[in-house]
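Student: Sequence plus predicted model, see below.
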Amino acid sequence: MKPSDKIYVAGHRGLLGSAIVKQLKAKGFTNIICKTSAELDLRDEKSVSDFISSERPEYVILTAAKVGGIQANINSPAEFFYDNIKIQNNVIHHSYKSGVKKLLFVGSSCIYPKEVENPIKEEYLFTGPLEPTNEAYALAKVSGIKMCQYYRTQYGVNFISAIPTNLYGVNDSYDPIKSHLLPALIRKVHQAKKEGEKEIEIWGSGRPRREFMLADDCANALVFLLQNYNELEPINVGTGVDHSVMELAQKVSQVLEYPVKICNDPSKPDGILRKNIDVTKLEALGWKSNYTLEEGVKIAYLDFLDRDLG
C-alpha cells in the first residue's frame, strides 16, 4: 500500500471506524474517504453503487453496522438483522463491481457458538448454536464473512475478514440502553462517584468472563492486516486476556478512584459464560496488543470526561 492510495472507511464516526481513520493518518495515509450516514445511507443500494463507482476507492474497510448491547439486541432483532445485511451486501457487492483492490470486512466475536472451548480459535466458527440474546446481529455478521469468502472464491477478489473481540475506548457510546458492558460500567461508577452513591448494580452473577480491547489497539491491528493478511479464512483480533464481569467492575472502580460495593441482579441474563478469543494466528504474523486493561480504561474515561457525558 502507498500513502496516496484511496481508502474508504465505512462507518468512520463509530468507535472502531474513527480509531481506524486515526491510525491510517498516523501511518501517513492521506487519501481517506469518509461519508456520514446522512450523506450516504449504506442501506440504499443505488446510493452505495453510485458512490463507490464514482469514487473508485482502491481499499475498503467495512466497519459500518447497527450495534448495541444485550438489551438493544433483545428489543430490536429484526432491525439488527435487516440493517446489517443491507449494509454488508451493498458495500461488498459494489466494491467487487467497481474493482476495489482489497476489502476488509470487520465481523464480531459474537458469531462464535454459545458453547465453545476457550480460547476460541477461528476454526470453531459454525460448530454450534449462537447466543440467543444477540443471534440476529451475529447471523448478519456471519453472512458478511461468508459473502467475502464466496466473492473471493468465485471472482478472485482479495476480500478478507477479521473478528475483533469486545471493544471500548475513545468515541464510545455510553447510552444507558444501547451501550456495551465496559462503557456501561464506566458510566455507572462515574455517576455513583458524582452522586456519592456507595454501590452499583451489574447484570447477572458477575461470573461470566469477557475480553475487552481498546479500539485504538484494534484499529492498529486492522490496518496491519490490511497491509499483511490475504487469506480466505477470517482472523481473530484481540488481546488474548479475559476478566470476569465482577473483575471488570472492580477495575473500573479502581481506575476512577472511587470504591463502590458491586451488587448483582440475578434476574438479568449472564449471556455466554466465557468469551476469550485465541490470537495465536494474529501474533504469528507479528502483531501483539499494546495496551493493558487499566491503560485502556484510563484512556476511555478521559474521553468520557472530555465529552462531558456524565
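Tutor: Structure received. Numbers count the residues shown, from 1 in each chain.

Student: Compute the first-to-last residue distance for stretch 55-63.
Tutor: One end of stretch 55-63 to the other measures 18 Å (Cα to Cα, to the nearest Å).

Student: Residues in contact with the host helix or strand of Ile61: which ones?
Tutor: Element membership for Ile61 (DSSP states H and E) is strand 59-62. Residues outside strand 59-62 that contact it (Cβ atoms under 8 Å, 6 or more residues apart in numbering) are 1, 5-11, 17, 20, 52, 87-88, 91-92, 95, 100-106, 144, 222, 226. For every residue, glycine as well, the C-beta is placed using N, CA and C.

Student: Filter those residues down to the ones in strands?
Tutor: Judged by DSSP state E, the subset of the contacts of strand 59-62 located in strands is 7-10, 102-106.

Student: right, and Glu294 touches Val255 too?
Tutor: Yes: using Cβ atoms under 8 Å, Glu294 is in contact with Val255, at 6.1 Å.

Student: right, and Leu181 touches Asp172 too?
Tutor: No: between Leu181 and Asp172 there is no contact under Cβ under 8 Å: 11.3 Å.

Student: With neighbour numbers in mind, choose between these two.
Tutor: Neighbours per residue, other Cβ atoms under 10 Å: of Leu181 and Asp172, the larger number sits with Asp172, 24 against 20.

Student: For the more buried one, which non-adjacent residue is spatially closest?
Tutor: Pro183 (4.7 Å; Cβ to Cβ, 6 or more residues apart in numbering).

Student: what's near enough to touch that neighbour?
Tutor: So Pro183 contacts 168, 172-174, 300, 304 (Cβ under 8 Å, 6+ apart).

Student: Export only the CA atoms of the helix or strand harbouring it, formatted as CSV.
Tutor: Per DSSP H and E: Pro183 is located in helix 181-195. Extracted C-alpha coordinates of helix 181-195, given in CSV (Å, rounded to 0.1, in the frame of the first residue of the first chain):
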residue,chain,number,x,y,z
LEU,A,181,-20.6,-3.7,29.2
LEU,A,182,-17.4,-1.8,29.8
PRO,A,183,-18.7,1.7,28.9
ALA,A,184,-21.8,0.9,30.9
LEU,A,185,-19.6,0.2,34.0
ILE,A,186,-17.7,3.4,33.5
ARG,A,187,-20.9,5.4,33.4
LYS,A,188,-22.3,3.6,36.4
VAL,A,189,-19.2,4.1,38.6
HIS,A,190,-18.8,7.8,37.4
GLN,A,191,-22.4,8.5,38.3
ALA,A,192,-22.0,6.8,41.7
LYS,A,193,-18.9,9.0,42.3
LYS,A,194,-20.7,12.1,41.2
GLU,A,195,-23.8,11.5,43.4
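
Student: in that helix, what's buried?
Tutor: Applying a neighbour-count criterion of 16 or more other Cβ atoms under 10 Å, one finds 181-190, 192-193 buried in helix 181-195.

Student: Please pull up the helix or strand immediately following that helix.
Tutor: Assigned by DSSP H and E, the successor of helix 181-195 is strand 199-203.

Student: Remind me what that following strand packs against, helices and strands.
Tutor: The helices and strands touching strand 199-203, judged by 3 or more Cβ pairs under 8 Å, 6 or more residues apart in numbering; DSSP states H and E, are helix 181-195, helix 245-255, strand 261-265.

Student: Could you rerun that using 6 Å?
Tutor: strand 261-265 (3 or more Cβ pairs under 6 Å, 6 or more residues apart in numbering; DSSP states H and E).

Student: Helix 245-255 and the strand it packs on, what's the angle between them?
Tutor: Interaxial angle, strand 261-265 versus helix 245-255 (axes from the mean of the first three to the mean of the last three Cα atoms, to 10 degrees): 150 degrees.
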